[in-house]
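Chemist: sequence isn't available, so here's the structure alone:
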C-alpha cells in the first residue's frame, strides 16, 4: 500500500504523496518589507515526486477571487481538487469552496464562508461556527498546496508574523533560507524559503520570489514548483532535506542524554519475553551501550553512577516496526514511542543511507534500521519510490546492485513488476543472502509468488485478493483496496484458501499484514475519530485531530459501509486462522510506526494473542527473525541496552505501552516528554527523576 497518515498541510488530498516529512529550521533571517505587487492572472505549477512529474496546479486570479485546479497521479492512484475562494482586503480567506476527491477516492466537499458577523465551515470531518475575527486565518482541511501560499502571504503581512487560526491554534512564519534558482531560460530567480508552523506536527516550507509570489512548496520527496523551473526541483528537495536535518539535529542536541558514567535504572519490573512474565522489582545497570548487570534495587545513587528512578514501572524490550518508510520525523517519533528498531520497506538510497549515518553518529535521533531494496516495474501506475525496471534483466540487475552494495536484508517486489520475472529475481537475491518479499504483482497470485521464491508476503490484502479477484483484474489501481469488499463472501475453508495457507506453513512463509492500515481503510468514516487514535489524539495538534476524522475511502451508502466493515472482520478472521496454523505474522504499519505501531499491537490481540505474546512478537521474535537475537530483543546482561519504561503494567493492560516515560537505545537516554512539545504534542508522563 505504502501510504502514511498525513501530518502535513494537504491533509487528505495528499495521502499517497505525503510519505515525506516537512520540518523547519531554527535559523532566523531579518524580515524584508516588500512593495505591493500585482498578482498574475494565471500561475502554473508542476508536481514533482521523487524526480518524476506526476501532476499540476493551475491558479487563476481576478482581484481577490481565486480559482485553483490541482491534481496528481502516482502509484496507481491520484487526487484532484477544484477550489474557489475569495480573500479579504487583508488577504485572509472569507469564502472558500473545495470539491474533488482524495487519493483513495474519498469525496471532498468543503465550505468556509462569512455571513454577517459569523464564519461557518464544514468538511468531511467537522462543522463549526465562530464570531468573525478579521485577524483570524481559517485553515482548510482538504485544500491544494496553494493554501500554504495564502497562509504565508497573510502571515508576512503581520508585524508579529503570526495570526490566530481557525478552528484553533496559532500560525507563525519565519524565514529559514535563501537560494538562487535558474529557470528554463537560465535566468536567475532569487528564492526565499519560509517555514509555516502551527498546523500539524511539523512546519511546512514554501518558496517565494523577490516579489513574494509563489515559486513552490518543498519537501525532501515532493516539490510543487512554478512551471519552467522543473529542472530545479532537486535543488529544492535537497534544501528541504537539509532544513529537516538542521531541525532534527537541534532537537537531538537537546534531547540526547549521554552520560560518562554507568547508568542505573532503579525500581523497575522487567518484561521477560521468554517466560512472558514481569520480574520482581530490580535495578538495571548500563555501561556504554550494553546491559552490564541486573541487580536488586538500591536505596540511593551509588558513587560513580547515574541513577534514573523507575518508580515501580515496567521496562520493555525495544519494539520493532516491521513496515516503515523512514524519514527524519518518523525516525524520531518511533524512538520516543519505544520503537528502537525499524525494518524500512522501501526508500530512495540517497535518502535512507544518509539518514542511517546521521542516526548512528547521534546527529539525529532514530531507530536501528534494517534495509529492504525496493524494485518496481515500469508502467503507468509505477510507484516513484526505489528503483524501476522495464525488463526481467533490468530487475535482476537491480537485485544484484542491492546485493553488491550490501547491508540489505531483503528485496521488496512491487505491484507493477511482471510476476514472471520473480523467479529470476529471487534466485539472484538468494545468491546475495537476501530474502524476497513484497506485493503480489498485478495479474499474479500468492501461490505463484510463493512458488517463485517469496519468503514473506507484504500486506494481508495482497494474499487475500488472490482468492477473490480474477487474474485479469488490475491490482496496480485502487482496486487492490476497493476490491476488498469481496472478502465478505470468502469461504476460509475453501480448497483455494486452504491450499495457500498450507503451502505457507510448509514453506515457512511469513506475512507482514499491516492490520492497522486495513482498519483505517475499511472502518474509518468521515466525521468520526478513528478508533486506533482515540487513546492519544487529544494530545495532538489540531491538524492531527482533524485528520483523524477523515475516511481513507469514499463510502457510497449504507450497504457499502457494511461491506467494508465486514471485510475488515474477514481480515481479522483470516489472520486468526493463519496464527492458529503457525504462520508467522510480523507487526508493521506502513503508517509511520510510533503511535500507529501501538495500535497494530492492539490488533494482534484480536487474532488470538495475549498481551504478553504480543509484546514478545514485537520485540524478541522480531529480533530473532531479522537475525539480531544475540544482541537485541530482550533485557539481558550483555545485550544492547534497547528498552523503554512505562509507568503501568502492559501484561495487565497493553495500552500501558502508549505512555512512555523513558527510552534507552544503546545506552543513550531519551525522555519523550522533553521532546513532544517541539511537535505541539502534549506530554503523556512526567519525566523520571535523574540523580547524577
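Modeler: On my side now, so go ahead. Because the structure is predicted, anything quoted here is derived from the model rather than measured.

Chemist: ok, and the closest non-adjacent residue to residue 98?
Modeler: Closest residue to residue 98 apart from its sequence neighbours, by C-beta to C-beta, 6 or more residues apart in numbering: residue 110 at 4.2 Å. For every residue, glycine as well, the C-beta is placed using N, CA and C.

Chemist: which element, helix or strand, includes the one you found?
Modeler: Assigning secondary structure by DSSP states H and E places residue 110 in strand 107-115.

Chemist: that strand packs against which elements?
Modeler: Packing partners of strand 107-115 (3 or more C-beta pairs under 8 Å, 6 or more residues apart in numbering; DSSP states H and E): strand 93-101, strand 118-122.

Chemist: rewinding a little: contact partners for the residue nearest to residue 98?
Modeler: 96-99, 121-124, 140-143 (C-beta atoms under 8 Å, 6 or more residues apart in numbering).

Chemist: check residue 258 too.
Modeler: 362, 667-669.

Chemist: format the helices and strands packed on strand 107-115 as JSON lines; extra columns: distance to residue 306.
Modeler: JSON lines is the format used below for these (distance: least, C-beta to C-beta, whole Å):
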{"stretch": "strand 93-101", "distance to residue 306": "53"}
{"stretch": "strand 118-122", "distance to residue 306": "51"}
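
Chemist: just the ones you listed: most buried one?
Modeler: Counting by mean count of other C-beta atoms under 10 Å, strand 93-101 has the highest mean neighbour count of the helices and strands packed on strand 107-115, with a mean of 20.

Chemist: other residues contacting stretch 472-488?
Modeler: So stretch 472-488 is contacted by 1, 76-77, 104-105, 379, 381, 415-416, 439-440, 442-443, 461-462, 464-465, 468-469, 518, 521-522, 553, 560, 563-564, 566-567, 570-571 (C-beta under 8 Å, 6+ apart).

Chemist: can you tell me which of those are in helices?
Modeler: Mapping the contacts of stretch 472-488 onto helices (DSSP state H) picks out 461-462, 464-465, 468, 518, 521-522, 560, 563-564, 566-567, 570-571.

Chemist: of these, buried ones?
Modeler: The neighbour-count criterion (16 or more other C-beta atoms under 10 Å) marks 461-462, 464-465, 468, 518, 521-522, 563-564, 567, 570-571 among the ones in helices among the contacts of stretch 472-488 as buried.

Chemist: turn those residues into JSON lines, including distance to residue 67.
Modeler: Formatted as JSON lines, those follow (distance: C-beta to C-beta, whole Å):
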{"residue": "461", "distance to residue 67": "38"}
{"residue": "462", "distance to residue 67": "40"}
{"residue": "464", "distance to residue 67": "43"}
{"residue": "465", "distance to residue 67": "40"}
{"residue": "468", "distance to residue 67": "42"}
{"residue": "518", "distance to residue 67": "37"}
{"residue": "521", "distance to residue 67": "32"}
{"residue": "522", "distance to residue 67": "35"}
{"residue": "563", "distance to residue 67": "37"}
{"residue": "564", "distance to residue 67": "34"}
{"residue": "567", "distance to residue 67": "38"}
{"residue": "570", "distance to residue 67": "44"}
{"residue": "571", "distance to residue 67": "42"}
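
Chemist: between those residues, which sits nearest residue 386?
Modeler: Proximity of these to residue 386 was ranked by C-beta to C-beta; the top entry is residue 462 with 17.2 Å.

Chemist: for the chain, what are the low-confidence residue spans?
Modeler: Within the chain, the segments meeting pLDDT under 70 span 1-36, 75-76.

Chemist: just give me the residue closest to the centre of it.
Modeler: Geometric centre of the chain, nearest residue: residue 592, 2.9 Å, by C-alpha atoms, centre = their mean.

Chemist: just the strands in the stretch 351-500 of the chain please.
Modeler: For the stretch 351-500 of the chain, the strands defined by DSSP state E, counting those that start in this stretch occupy 368-377, 387-389, 408-413, 435-438, 456-458.

Chemist: residue 505 falls within a helix, correct?
Modeler: Yes. Assessed by DSSP: H, G, I helix; E, B strand; the rest coil, residue 505 belongs to a helix.

Chemist: show me what contacts the closest residue to it other than its chain neighbours?
Modeler: Once flanking residues are discounted, residue 505 sits nearest to residue 581: 5.4 Å by C-beta to C-beta, 6+ apart. Counting by C-beta under 8 Å, 6+ apart, residue 581 touches 501-502, 504-505.

Chemist: between the residues you listed, which is nearest residue 279?
Modeler: Residue 279 has its nearest neighbour among those in residue 505, at 34.5 Å by C-beta to C-beta.

Chemist: hmm, residue 579 and that closest one touching each other?
Modeler: No. Applying C-beta atoms under 8 Å as the test, residue 505 and residue 579 come out as separate, 11.5 Å apart.

Chemist: what about residue 184, how many residues close to it?
Modeler: Neighbour count of residue 184, defined by other C-beta atoms under 10 Å: 11.

Chemist: return the residues in contact with residue 294.
Modeler: By C-beta under 8 Å, 6+ apart, the neighbours of residue 294 are 270, 282-285, 635-637.

Chemist: tell me the buried residues in stretch 432-441?
Modeler: Within stretch 432-441, judged by 16+ other C-beta under 10 Å, the buried ones are 432, 434-441.

Chemist: just the residues you listed now: which is nearest residue 223?
Modeler: residue 439 (26.7 Å).
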